[in-house]
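> Got a predicted structure here, sequence first:
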Amino acid sequence: MRNATLNTALATLLAGLILSPAAVLAHGDVAPQAVDTTGLPENGDEWLTENPYRAEAAGEEVWQKAVEIGASGYNQNCARCHGLEVISGGLAPDLRFLEAEEYGDEWFAERFRDGYTQNGITKMPAFGELLGQDAAWAIRTYIETRPDDASMEEVSGELMGLRDQLAALAEDPSGADSDALKARLTEIAGGIETLSGAPVADSAASRAARLIDGTPVGFRHAAEALTIGLSAAH
């Protein structure tokens, strides 16, 4: 079952990477996909200059919702050029390094709102009018919380072991100590840094911790979250 879980997760991961060269290069031809921002505080029509969805400003619950919505919005509109998990393949800037502070926010908001054209060629379409700033800041929140590769590498061995343990518990949850597993994953997540300087990383460890609920389904989803996160990091 462990191999089946791994294969399923990797198939999902690879499906997001298999794009034709034309699709990857034709950034200006991307048709923006609407982002459902239900559950997030609204920011109005006048564009802000600083991300309103950071945990220290909006609270943990809003931050987590922004990351969740931002992940969906990013994967629909940005991943084909900026890379799965915001890991750029070199065709577009690696946005993980964009500082999680007002200067980085202003740069991001301007590019998102107005797009970018070079020598008459649209390198990035203007998303602002079509998607709005609530979607923009949710995507920004997701981007700035990507974990540092080096931090992930330091704990990858233990996370692989926890993944295997979770996959086994998905088959037979008897004797499982869900609280201990959640606590250890949360502890690991707390030590994972971001490349943007954001104080909290949305890592595979934190995702897996949130998915554990003591049920076989929860264990399976947590194992898959670790599999996908570790694969993307490599």
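That came through, no problem.

> any chance you could map the strands in this protein?
Using DSSP state E, the strands of the chain run over 116-118, 121-124.

> need those in CSV with mean neighbour count and distance to Ser156, can you?
Placement of C-beta: from N, CA and C, glycine included. Shown next, in CSV, are those (neighbours: other CB atoms under 10 Å; distance: least, CB to CB, whole Å):
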stretch, mean neighbour count, distance to Ser156
strand 116-118, 12, 35
strand 121-124, 15, 33
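
> do you know which of those lies nearest Glu85?
With distances scored as CB to CB, the stretch of these nearest to Glu85 is strand 121-124 (19.1 Å).

> what pairs with that closest one, and is each one parallel or antiparallel?
When pairs are called by DSSP bridges, strand 121-124 turns out to pair with strand 116-118 (antiparallel).

> Could you list the residues in contact with the strand it pairs with?
Defining contact as CB atoms under 8 Å, 6 or more residues apart in numbering, one finds that strand 116-118 is touched by Thr122, Lys123, Met124.

> Setting aside sequence neighbours, what's the nearest residue to the second one?
Closest residue to Lys123 in three dimensions, ignoring its sequence neighbours and counting by CB to CB, 6 or more residues apart in numbering: Tyr116, at 4.8 Å.

> do the same with the last one
Leaving aside its sequence neighbours, Met124 sits nearest to Tyr116 (CB to CB, 6+ apart; 4.3 Å).

> And Glu129, by the same measure?
Spatial nearest neighbour of Glu129, excluding adjacent residues (CB to CB, 6+ apart): Arg113 at 7.8 Å.

> For Gly229, give its distance to Arg140.
To Arg140, Gly229 is 20 Å away according to CB to CB, to the nearest Å.

> more neighbours, these two?
Between Gly229 and Arg140, Arg140 has the larger neighbour count (other CB atoms under 10 Å), namely 29 against 24.

> What's the separation between the more buried one and Asn43?
Distance from Arg140 to Asn43, by CB to CB: 12 Å.

> Now do the domain split for the chain, please.
21-144, 148-233 (automatic domain parsing).

> which intervals of this protein have sub-threshold pLDDT?
By pLDDT under 70, the weakly predicted segments of the chain are 1-30, 233-234.

> ok so, going back, and the residue nearest to Glu129, how many residues sit next to it?
For Arg113, using other CB under 10 Å, the count is 16.

> so it sits right up against Gly128, yeah?
Yes: assessed by CB atoms under 8 Å, Arg113 is found in contact with Gly128 at 3.2 Å.

> hey, what's in contact with both of those two?
Trp47, Ala136.

> Buried residues of the helix of greatest length in the chain, list them for me.
Ranked by residue count, the top helix of the chain under DSSP state H comes out as helix 149-171. Neighbour counts over helix 149-171 (16 or more other CB atoms under 10 Å) mark 151-152, 155-156, 159, 162-167, 169-170 as buried.

> Can you tell me what sits against it?
1-2, 5, 176, 181, 184-185, 188, 191-193, 195, 201, 203-205, 208, 212, 216-217, 219-220, 222-223, 226-227, 229-230, 233.

> are any of the residues you listed buried, and which?
5, 176, 181, 185, 188, 192-193, 195, 201, 203-205, 208, 212, 219-220, 222-223, 226-227, 229-230, 233.

> Next, the contact list for the closest residue in space to Thr186 that isn't next to it in sequence, please.
For Thr186, ignoring the flanking residues on the chain, the nearest one in space by CB to CB, 6+ apart is Ala209 at 4.8 Å. Applying CB under 8 Å, 6+ apart, we find Ala209 in contact with Leu181, Lys182, Leu185, Thr186, Ala189, Ala222.

> I am finished for the moment; much appreciated.
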